[in-house]
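Enquirer: Let me see the structure of the following:
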Amino acid sequence: MERHFETFLQVFFLVQFLMSYGSASTTNSSHIDQFSLLSLKSHITSDPYNKLSNNWTSKTSVCSWIGVSCNPQNRVIELNISNMELGGTIPPEIGNLSFLISLDLSENSFQGPIPPSIFTMPSLETLFLRNNSLSSGLPVDMCKHGLHRLKMLRMSYNNLYGVIPKSLDQCSQLEYISLLTNNFSGHVPPEIGNLTGLQVLYLGNNSLIGNIPKELGHLNNLERLHLGWNKLNGTVPKEIGNMTSLLELLLWENNLSGNIPKETGHLFNLESLWMGGNELTGPLPREIGNTSLFVLNLMTNTLTGSIPKEIGHLSNLQGLHLGNNHLSGPVPKEIGNITALQSLYLWSNGLSGDIPKEIGRLYNLEILDIGSNYMNGSLPREIGNCSLHTLYLWHNYISGNIPGELFTSKIEAIQIFINLLDGSIPVDIGRSRNLNQLNLAENYLSGVLPSTIGNLTNLKTILLHSNKLNGTIPPSICNFTYLEFFHLSNNTFEGRVPQCLGNFSKFLQVLHLKENRLHGLIPSPFMEGCALNSLSLNSNQFEGTLPRSLANCRQLQVLDVEKNKIKDVFPFWTETLLELRALVLRSNRFNGTILLPSKANFSFPKLQVFDIAQNSFTGSLPVRYLNNFKAMINVTENMTDKDWFRKFDESMKFVFKGLEQPLVRILTTFTTIDMSENNFSGSIPEIIGKLDSLRYLNFSHNVLTGHIPSSLGNMSFLESLDLSTNQLHGEIPRQLTSLTFLAKLNLSMNNLVGQIPQSHQFSTFDNDSYIGNQWLCGFPLTKKCEEGQNPLSLPPQEDDDNEFGFFDGFTWQVVALGYGCGFVFGVTAGYFMLRYRRPKWLVGFFAGLLCL
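Expert: Numbers count the residues shown, from 1 in each chain. I've put the predicted structure just below:
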């Protein structure tokens, strides 16, 4: 009995000892967990909401801390402090949380490396570090010393780099891997194909290279594969057809080539296929119709052949994106069977034939883009049955009338420019009150602009240029509230422009009405805060003055009023428009001098085009402008806005190299000054040579005197120089021979003397460049220079003031010419002498043509 009692006491004390030891051991382990978490807290440098600083304290149990979960033994098994806007680094002590099953630090601003201790944690099943600023590589042996229970690995949206470890396959329980949007390089490890339980693999938006390993075909449980936005090349492996559980396949934006494997037709569960932005070739496999696709995106490849009619089997398809390929043939009528379709992108292919009326069965279709193809025929009225908010049919051969059914209450954007449409714009347009983009430019539309267009109060863009529209611009446009682009150029509109257009200047960026028959005053006033970027009223019959309120348009880049009847002095206020790049006043009735002192600190700092030709300006050339055209001095090509003019969807005509030429592209390096056909007098200032990036210069048909400045030789990019029909004298400066880009030179009808320089470009110019300079000699003229001839041996130049005396130049010499060569010839000679206001030297020129 005593022996049993003794045994009982021994067992009792042993249990008490073990319980006491276990409690002490648990307490010590809890202290380790607490120490690890407090170490993490000490490395946090930003806690804007004080979520940890006020809660994680040694005075309370670690299991009560925010984001911490424990097991019954008070060991930390879950740490979730995601989305708290925390910043700092992750300390290595985090790896001492040996019971941790789930670690989630995502959606914060942690930076620095991932401590290697994390990759040795034996119990970890979930590791979420996504959307931080972590930067380090992954250990090559990351799954050899721990993480054997890991199921979910999410490290996307960081700055991680290096190669993806081959040892990843030793984390054999992995079901989810996301390394999206990092800086990983190297190849996709074929060993990933051993992770047969993997369901999600996201490696997109890195810098991975090489082929897609065929071993991925072993992943028959994989549901989502994202390898897009990398640098992968080679072909799409046919083994991809073995991944029969696949729902989503994203290979977008790589360098993949070859055909789309027909084995993709084995992916019966596939819902989303993205292979756009590659170099894939060949036909679209008809087997694609066997899938369960919701989205098919193959845009921007070089696919050929026709769209297979089996595409109509994809009854669940909501997005069909085949734009920017080399597909040809018709749009199959079977496409009308895809009644779930919401977006259809077929732009920039070689498709032809009619738009099938079966598209009218696509009641859910919201976006239809067949732009830049070879589609013909007329627009089917059935298209109005769709739920379209966007219709792009630009650059095709579509003809006939615009059906009124097109203008539904849902439509927001219509772009059918560059087609063969004719007839009038339907009055039904007034129904489309949500329309904000209307582009019917470059067609053959005629008739008037219907007044119902005023119902479109949300309209931001209206481009109707290059048609045959006529009549007046309806006053109902004054109902527009948010108008930004208004482009009616190249039509036959007439009458006055509604003055309310000036009131739109808070939003209006482009106002182009050129090449119509409009008259009256230019709309005004333009309000303070005017947003106008481009005003083109070229080739109309506007009169009055140029509105000074345009000075409120601080963003104005183009001001073109060429070929009107504007009578005004030079608009000095334009020099305060710091963004102005093109000022075109050509062919109006501007007059007076350009010599007023400047009120601006910087005059025309960005001006590239200064065209005031064919007006009645007088006085000296505007030296202060020529001295300050910064955009014509030391210009280098600005890549950010080098083609700044294209956005205005307009052309501008310039006279250079003797021809009028339209330009639709004006680069930052295009610079021109044209002050021809005015009454400017005095000399050409020497400072003109500062404009070393000027391309085209025209001072012709003025009354300029003095020498040609040698500083013109500094204008190394000059392509065209026209100083003809002035009263310039002296020699042609030899410095001009250094202008190696000079393609057009006109110095004719002046008083130049001496030998024509003979080198570089000057050897390419013909007689026309020098005609009417009696005392010039040498090639290409037939008149040879006498040996030793110099300007001092030539007849002295007469006083310039006498050149304009009528009787000095038009008396007995003209009469003699009349008798010598006939009355008609004499009168003709007299006409030219008066026309060019150079009687004396012209007399010499015509005298050389006397009949023998």
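Enquirer: Please enumerate the strands of the stretch 301-450 of the chain.
Expert: Ranges of strands within the stretch 301-450 of the chain are 319-321, 328-329, 343-345, 350-353, 367-369, 374-375, 390-392, 399-400, 413-415, 420-423, 437-439, 444-448, based on DSSP state E, counting those that start in this stretch.
Enquirer: show me where the stretch 1-150 of the chain has strands.
Expert: For the stretch 1-150 of the chain, strands defined by DSSP E, counting those that start in this stretch occupy the ranges 44-46, 68-70, 76-80, 87-88, 102-104, 109-112, 126-128, 133-134.
Enquirer: so where's the chain uncertain?
Expert: Low-confidence segments of the chain, defined by pLDDT under 70: 1-29, 598-601, 637-666, 668, 787-852.
Enquirer: Kindly recompute the last result at 50.
Expert: For the chain, the stretches with pLDDT under 50 are 1-26, 639-640, 791-852.
Enquirer: how about the helices of it, start to end?
Expert: Along the chain, counting by DSSP state H, helices occupy 2-42, 623-626, 806-809, 812-821, 823-836, 839-847.
Enquirer: sorry, back to before: which one of the strands of the stretch 1-150 of the chain lies closest to Ala340?
Expert: Each of the strands of the stretch 1-150 of the chain has some distance to Ala340 by C-beta to C-beta; the shortest is strand 126-128, at 34.9 Å. Placement of C-beta: from N, CA and C, glycine included.
Enquirer: on contacts alone, who are the packing partners of that closest one?
Expert: Counting contacts by 3 or more C-beta pairs under 8 Å, 6 or more residues apart in numbering; DSSP states H and E, strand 126-128 is packed against strand 102-104, strand 152-154.
Enquirer: who touches it?
Expert: For strand 126-128, contacts defined as C-beta atoms under 8 Å, 6 or more residues apart in numbering pick out 82, 101-106, 118, 147, 150-155.
Enquirer: Quick check: ChimeraX command selecting the buried ones in those.
Expert: Buried residues within these, by 16 or more other C-beta atoms under 10 Å, are selected in ChimeraX with:
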select :82,101,102,103,104,105,106,118,147,150,151,152,153,154,155
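Enquirer: of all the contacts of strand 126-128, which two lie farthest apart?
Expert: Greatest spacing in the contacts of strand 126-128, by C-beta to C-beta: Ser82 and Leu147 (19.7 Å).
Enquirer: Only C-alpha atoms, please: export stretch 300-318 in CSV.
Expert: The C-alpha coordinates for stretch 300-318 follow below in CSV (Å, rounded to 0.1, in the frame of the first residue of the first chain):
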residue,chain,number,x,y,z
THR,A,300,-0.9,44.3,-82.9
ASN,A,301,0.6,41.2,-84.5
THR,A,302,1.0,40.3,-88.1
LEU,A,303,-1.7,37.7,-88.4
THR,A,304,-2.9,37.0,-91.9
GLY,A,305,-5.8,35.3,-93.6
SER,A,306,-9.5,35.8,-93.0
ILE,A,307,-11.5,35.9,-89.8
PRO,A,308,-12.9,32.3,-89.5
LYS,A,309,-16.6,32.0,-89.4
GLU,A,310,-16.2,29.7,-86.4
ILE,A,311,-15.7,32.9,-84.4
GLY,A,312,-19.5,33.0,-84.3
HIS,A,313,-19.5,29.9,-82.0
LEU,A,314,-18.1,32.0,-79.1
SER,A,315,-21.5,32.7,-77.6
ASN,A,316,-20.0,34.1,-74.4
LEU,A,317,-17.5,36.4,-76.1
GLN,A,318,-17.7,40.0,-74.8
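Enquirer: And Glu515, how far from Asn439?
Expert: Going from Glu515 to Asn439 by C-beta to C-beta, to the nearest Å gives 18 Å.
Enquirer: For the helices and strands packed on strand 126-128, give me CSV that also has distance to Phe765.
Expert: Converted to CSV, the helices and strands packed on strand 126-128 look like this (distance: least, C-beta to C-beta, whole Å):
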stretch, distance to Phe765
strand 102-104, 78
strand 152-154, 72
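Enquirer: Quick one: closest of the ones you listed to Asn564.
Expert: Among the helices and strands packed on strand 126-128, the nearest to Asn564 by C-beta to C-beta is strand 152-154 (65.7 Å).
Enquirer: quick check, distance from that closest one to the centre of its chain.
Expert: What separates the centre of strand 152-154 from the centre of its chain is 38 Å, taken as C-alpha atoms, centre = their mean, to the nearest Å.
Enquirer: was I right about Leu180 contacting Leu208?
Expert: No - using C-beta atoms under 8 Å, Leu180 is not in contact with Leu208, being 11.5 Å away.
Enquirer: number of nearby residues for Lys59?
Expert: Neighbour count of Lys59, defined by other C-beta atoms under 10 Å: 4.
Enquirer: cool, Asn50 as well?
Expert: Residues lying near Asn50 (other C-beta under 10 Å) number 8.
Enquirer: Please apply the same query to Asn230.
Expert: Other residues lying near Asn230 total 25 when counted by other C-beta under 10 Å.
Enquirer: Now tabulate the strands of the stretch 301-450 of the chain in JSON lines and tack on mean neighbour count and distance to Ser676.
Expert: Putting the strands of the stretch 301-450 of the chain into JSON lines (neighbours: other C-beta atoms under 10 Å; distance: least, C-beta to C-beta, whole Å) gives the following:
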{"stretch": "strand 319-321", "mean neighbour count": "20", "distance to Ser676": "53"}
{"stretch": "strand 328-329", "mean neighbour count": "14", "distance to Ser676": "51"}
{"stretch": "strand 343-345", "mean neighbour count": "21", "distance to Ser676": "50"}
{"stretch": "strand 350-353", "mean neighbour count": "16", "distance to Ser676": "47"}
{"stretch": "strand 367-369", "mean neighbour count": "20", "distance to Ser676": "47"}
{"stretch": "strand 374-375", "mean neighbour count": "18", "distance to Ser676": "45"}
{"stretch": "strand 390-392", "mean neighbour count": "21", "distance to Ser676": "44"}
{"stretch": "strand 399-400", "mean neighbour count": "15", "distance to Ser676": "44"}
{"stretch": "strand 413-415", "mean neighbour count": "20", "distance to Ser676": "40"}
{"stretch": "strand 420-423", "mean neighbour count": "17", "distance to Ser676": "40"}
{"stretch": "strand 437-439", "mean neighbour count": "22", "distance to Ser676": "37"}
{"stretch": "strand 444-448", "mean neighbour count": "16", "distance to Ser676": "37"}
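Enquirer: Format these as a markdown table; extra columns: distance to Gly730.
Expert: Supplementary listing: the strands of the stretch 301-450 of the chain in a markdown table, determined by distance: least, C-beta to C-beta, whole Å:
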| stretch | distance to Gly730 |
| --- | --- |
| strand 319-321 | 68 |
| strand 328-329 | 66 |
| strand 343-345 | 66 |
| strand 350-353 | 62 |
| strand 367-369 | 64 |
| strand 374-375 | 61 |
| strand 390-392 | 61 |
| strand 399-400 | 63 |
| strand 413-415 | 58 |
| strand 420-423 | 59 |
| strand 437-439 | 55 |
| strand 444-448 | 56 |
